[in-house]
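Chemist: Only the shape, not the letters, is given here:
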């Protein structure tokens, strides 16, 4: 009651999620080239997902029930913290691209 949460039907949810994943994937080449104008967006995105993961875990612990999304929250939290770390590292490096993590 104190937090207005939108309720989506599954088709709306899965369509929105698909559009978001495709859109973020389309930005990958720009990120790989080290475009610094994406840094504030990445920072915001990471903060939102850290808050989202922590809220799912908190609701489950406080409510003593498994809230939807609690099983994937640790993975989301780890990925968001990694994005936050890399974003801060890139920001400090004044545009140095993120290191290449591809296998030889």
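Modeler: Perfect, I can see it now. Worth saying up front: this structure is predicted, and the values here are computed from it rather than measured. Numbering: from 1, shown residues only.

Chemist: tell me which residues of the top helix by length along the chain are tucked away?
Modeler: Scanning the chain for the helix with the most residues, using DSSP state H, yields helix 39-63. Buried positions in helix 39-63, judged by neighbour count with 16 or more other CB atoms under 10 Å: 39, 42, 43, 45, 46, 49, 50, 53, 56, 57, 59, 60. Bear in mind the C-beta positions are built from the backbone N, C-alpha and C, glycine included.

Chemist: and what of stretch 73-80?
Modeler: Of all the residues in stretch 73-80, those buried under the rule 16+ other CB under 10 Å are 73, 76, 77, 80.

Chemist: thinking residue 16 is in contact with residue 8, fair?
Modeler: Yes: using CB atoms under 8 Å, residue 16 makes contact with residue 8 at a distance of 7.3 Å.

Chemist: Now the element after the helix or strand where residue 21 lies, going C-ward?
Modeler: Using DSSP states H and E, residue 21 sits within helix 10-26. Heading C-terminal from helix 10-26, the first helix or strand you meet, by DSSP H and E, is helix 28-32.
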